[in-house]
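Colleague: Sharing a sequence plus its predicted fold:
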Amino acid sequence: MSDILQPGDAHGDVLRLDRVTKSFPGVRALRDASFTVASGEVHALLGENGAGKSTLMKIACGALAPDAGTVHIGGVALGRHTPQAARALGLRVLHQERQIAAHLSVAENVLLDRVPTGPLGLVGRRRTERAARALLDELGIGLDPGRSAADLNAAEAQLVALARALSAGATVLVLDEPTASLQGDEVRVLFDIVRTLAGRGVGIVFISHHLDEVYAIADRVTVMRDGAVAGTVPAAGTRPDQLTAMIFGQSVDVSRAAVRAGLPVVVRGEPLVEVENIHLGRTVNGVSLTMHAGEVVALTGPLGSGASEVAQLVAGARGPSAGRITHATGAARTRPPRTRRDHARCGVAFLPADRKHAGVLLEHSVTENVALGDRATSRRVLLRRREDRRRAAEQVHRLGIRVADVRQRVQTLSGGNQQKVVLGRWLAVRSRVLVLDEPTAGVDVAAKVEIYRLLLAAAADGAAVLIVSSDFEEIHALADRVLVVCDGRVVAELPGHEADPHRVMQIEMEGRSA
Ligand SMILES: Nc1ncnc2c1ncn2[C@@H]1O[C@H](COP(=O)(O)OP(=O)(O)OP(=O)(O)O)[C@@H](O)[C@H]1O
């Protein structure tokens, strides 16, 4: 911890929530939850999907008012429950979405909440860039302050948002699953910066479903269960199985053997999709692959590798600029599918990475969202509400979706539960070809295992499954074959059980430098 003093209360806590309670119609989201963050500590907040982590942080940042309980930031009680009031006391939240102004430069973004003014209140560009440079250097961020923010990738945008929080004098930072769109080296860069911030006395809340990240960065861990705090423990000295037991009430094994236990051994069947030398602009440069019935193929690669685009092409979400994709399934056998609807009709289910925009209809109910898969794959025009509700309820049960009623709007579900709804949509229609981009991003470990088993069961039933994943544990547990993609090409193929993180990272590095 740092010797730089930050405002805090008598215990040095920069954030203190005391006995917070919050209910939504039909749900008790928080029950008497207390949580503190000390100056200079990284405090991980864990819990299964729907446990109450986001609700607790929404109350901390003034986005929601508690029914009971208090919030103190820097030792000062949050009087009005508004984001402005929490910000004024020094609390900032970094969401997963891009939080930078694209029309401004890096420097202007960094100093957005504290633009240095010259005489007459004018903002000097050179002065802005100098001030931003100093801040970026302090954090070890090597970005050019004069660069346009529109050109930044997701990882760079996040670093700029962090620098901006620091420049605004944040004393508490809430990072909500900050590594969701980052790859290996980018995660390391982020963690270095988080450590630097903590060294300056900033208290950091780190929400994650990845225990390896928690061990890499956190000092203390608080686990939430069913809206209550199950306990707070030091990260060092607490074993992963102890944490999963706190999260789920039992330990969870994500190994290949455990995930496959009790499932039939599958023999590779006939080819269902034939991908021949496809191209997409400069992102995909001649990829060929065959997906067979009964197998799970994983595509992996560094950010921008083109793996996601290959999945989009196979799913028919985009058309290739050259090459051919032939499906052997369903009604469209006589002609290659051209549109996404064509693909869906010949049995392709697609779970895109960008769920918020392409995956889920937030304003609609769980039932309607699950039923969408059926609408895309059948010619049925008449709505069968009762049947739709029955199917939705089945998926809610299978995937452990935390929802009071299937008529509830998806908007009111926790992030991980929204993800399960989109997945349930495609599992409900028993598609023969499943294409899933990062199928378990934001999903808790117990649900991950459940999803892996459902995908393996679908494969055992004769489906061909293609996943894009940056989660090595997931690839190792799930894949029969792994294709490593770099610069829009498949640079290596290896059997799933040989795809340990070290091996894949080595191939990615060689692929990138080739
Ligand atoms: N606006 C709302 N209306 C109704 N219910 C809500 C609302 N916001 C949250 N909930 C419910 O409160 C509970 C806690 O949700 P919360 O988002 O805090 O979970 P979480 O721990 O952050 O989960 P995840 O890991 O999936 O993000 C869930 O049951 C959720 O459905």
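Modeller: That came in fine, so what should we check first?
Colleague: okay, and for the stretch 51-200 of the chain, where does confidence drop off?
Modeller: Confidence mapping of the stretch 51-200 of the chain against pLDDT under 70 gives the ranges 96-98, 115-124, 184.
Colleague: tell me which parts of it are close to the ligand?
Modeller: Contacts of the stretch 51-200 of the chain with the ligand, taken as Cβ under 6 Å from any ligand atom, map to Ala51, Gly52, Lys53, Ser54, Thr55. The way it works is simple: take the backbone N, C-alpha and C, and place the C-beta from them, glycine included.
Colleague: Same question for the chain.
Modeller: Checking the chain against the ligand by Cβ under 6 Å from any ligand atom, the hits are 24, 27, 29, 47, 49-55, 402, 412-417.
Colleague: Let's see the ChimeraX selection covering just the buried ones among those.
Modeller: Under the burial definition 16 or more other Cβ atoms under 10 Å, those of the residues of the chain next to the ligand that qualify are selected in ChimeraX by:
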select :27,29,47,49,50,51,52,53,54,55,402,412,413,414,415,416,417
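Colleague: In strands only, show me the residues of the chain next to the ligand.
Modeller: Applying DSSP state E to those, the entries found in strands are Phe24, Val27, Ala29, Gly47.
Colleague: Minimum pLDDT in these, which residue is that?
Modeller: Across those, the smallest pLDDT goes to Val27, namely 85.
Colleague: residues touching that residue, list them.
Modeller: The contact partners of Val27, taken as Cβ atoms under 8 Å, 6 or more residues apart in numbering, are Ala404.
Colleague: That one and Leu152, how far apart?
Modeller: Computed as Cβ to Cβ, to the nearest Å, the Val27 to Leu152 distance reads 38 Å.
Colleague: what's the answer for Ala463, then?
Modeller: From Ala463 to Leu152 the distance is 38 Å (Cβ to Cβ).
Colleague: In terms of neighbours, single out the busier of those two.
Modeller: Taking other Cβ atoms under 10 Å, Ala463 and Leu152 do not tie; Ala463 has more neighbours (25 against 19).
Colleague: Could I get the phi/psi values of the more buried one?
Modeller: Note on Ala463: its backbone torsions stand at phi -90, psi 160 [degrees, to the nearest 10].
Colleague: Contact partners for it?
Modeller: Neighbours of Ala463 in contact, by Cβ under 8 Å, 6+ apart: Leu272, Ala293, Gly294, Arg430, Ser431, Arg432, Val433, Leu434.
Colleague: and of the residues you listed, the nearest to the ligand?
Modeller: Using Cβ to the nearest ligand atom, Leu434 comes nearest to the ligand of the contacts of Ala463, at 22.1 Å.
Colleague: would the closest one count as being in a helix?
Modeller: No: under DSSP: H, G, I helix; E, B strand; the rest coil, Leu434 sits outside any helix and is assigned strand.
Colleague: Does it touch Val465 like I think?
Modeller: Yes: Leu434 lies in contact with Val465 (Cβ atoms under 8 Å); the separation is 4.6 Å.
Colleague: intersection of neighbour lists for these two?
Modeller: Leu455, Ala458.
Colleague: what about the two, which has more around it?
Modeller: A side-by-side neighbour count of Leu434 and Val465, using other Cβ under 10 Å, places Leu434 first with 27 against 24.
Colleague: confidence score at the more buried one?
Modeller: pLDDT at Leu434 comes out at 92.
Colleague: and it, bridged to which residues?
Modeller: Ala349, Val465 (DSSP bridges).
Colleague: Equivalent analysis for Thr222, please.
Modeller: Leu45, Thr232.
Colleague: From the ligand, how far off is the spatially closest residue to Gly142 that is not a sequence neighbour?
Modeller: Excluding its sequence neighbours, the residue lying closest to Gly142 (Cβ to Cβ, 6 or more residues apart in numbering) is Leu136, at 7.5 Å. Separation of Leu136 from the ligand (Cβ to the nearest ligand atom, to the nearest Å) stands at 31 Å.
Colleague: Could I get the contacting residues of Leu136?
Modeller: Taking Cβ under 8 Å, 6+ apart, one finds Val106, Val110, Gly142, Leu143, Pro145, Ala163 in contact with Leu136.
Colleague: at 7 Å what do you get?
Modeller: Applying Cβ atoms under 7 Å, 6 or more residues apart in numbering to Leu136 gives the contacts Val110, Leu143, Pro145, Ala163.
Colleague: Which helix or which strand is home to the last one?
Modeller: Element membership for Ala163, per DSSP states H and E: helix 154-167.
Colleague: Can you tell me the strand partners of the helix or strand just after that helix and which way each runs?
Modeller: Heading C-terminal from helix 154-167, the first helix or strand you meet, by DSSP H and E, is strand 172-176. Take DSSP bridges as the rule and strand 172-176 pairs in its sheet with strand 91-94 (parallel), strand 203-207 (parallel).
Colleague: in the very next helix or strand once past strand 172-176, what's buried?
Modeller: Sequence-wise, the next helix or strand downstream of strand 172-176 (DSSP H and E) is helix 184-199. Going by neighbour count (16+ other Cβ under 10 Å), the buried part of helix 184-199 is Gly184, Glu186, Val187, Val189, Leu190, Phe191, Ile193, Val194, Thr196, Leu197, Ala198.
Colleague: thinking again about what came up before, name the residues that touch the helix holding Ala163?
Modeller: 92, 94, 98-100, 106, 109-114, 135-136, 139, 141, 143, 149, 152, 173, 178, 181-182, 186, 190, 193, 197.
Colleague: What subset of the residues you listed is buried?
Modeller: Buried members of the contacts of helix 154-167, scored by 16+ other Cβ under 10 Å, are 92, 94, 99-100, 106, 109-112, 135-136, 139, 141, 143, 149, 152, 173, 178, 181-182, 186, 190, 193, 197.
Colleague: which stretches of the stretch 251-400 of the chain form strands?
Modeller: Assigned by DSSP state E, counting those that start in this stretch, the strands in the stretch 251-400 of the chain fall at 271-280, 284-292, 296-300, 322-327, 348-351.
Colleague: Let's see the third one as CSV, backbone CA atoms only.
Modeller: So the one you mean is strand 296-300. What follows is strand 296-300 as a C-alpha-only set of coordinates in CSV (Å, rounded to 0.1, in the frame of the first residue of the first chain):
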residue,chain,number,x,y,z
VAL,A,296,-16.5,-29.0,-31.2
VAL,A,297,-14.0,-26.8,-33.1
ALA,A,298,-12.4,-23.8,-31.4
LEU,A,299,-11.0,-20.8,-33.1
THR,A,300,-8.6,-18.7,-31.0
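Colleague: Can you tell me the strand partners of that strand and which way each runs?
Modeller: Assessed with DSSP bridges, strand 296-300 is paired to strand 464-468 (parallel), strand 481-486 (parallel).
Colleague: pLDDT averaged over the first one, what's the number?
Modeller: Confidence for strand 464-468, expressed as mean pLDDT, is 95.
Colleague: now stretch 499-506
Modeller: Mean predicted lDDT for stretch 499-506 stands at 79.
Colleague: what's the offset of it from the middle of its chain?
Modeller: Here stretch 499-506 is found 21 Å from its chain centre; the criterion is Cα atoms, centre = their mean, to the nearest Å.
Colleague: mind listing what's buried in it?
Modeller: Quick answer for stretch 499-506 (16+ other Cβ under 10 Å): Ala499, Val504, Met505.
Colleague: Out of the strands paired with strand 172-176, the one nearest Glu438 is which?
Modeller: strand 203-207 (17.5 Å; Cβ to Cβ).
Colleague: Just the C-alpha atoms of that closest one, please, in PDB.
Modeller: Output of strand 203-207 as PDB, limited to C-alpha atoms (Å, rounded to 0.1, in the frame of the first residue of the first chain):
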ATOM      1  CA  GLY A 203      -9.000   1.900  -3.800                       C
ATOM      2  CA  ILE A 204     -10.100  -0.400  -6.500                       C
ATOM      3  CA  VAL A 205     -13.100  -2.700  -6.800                       C
ATOM      4  CA  PHE A 206     -12.500  -5.400  -9.300                       C
ATOM      5  CA  ILE A 207     -15.600  -7.400 -10.400                       C
END
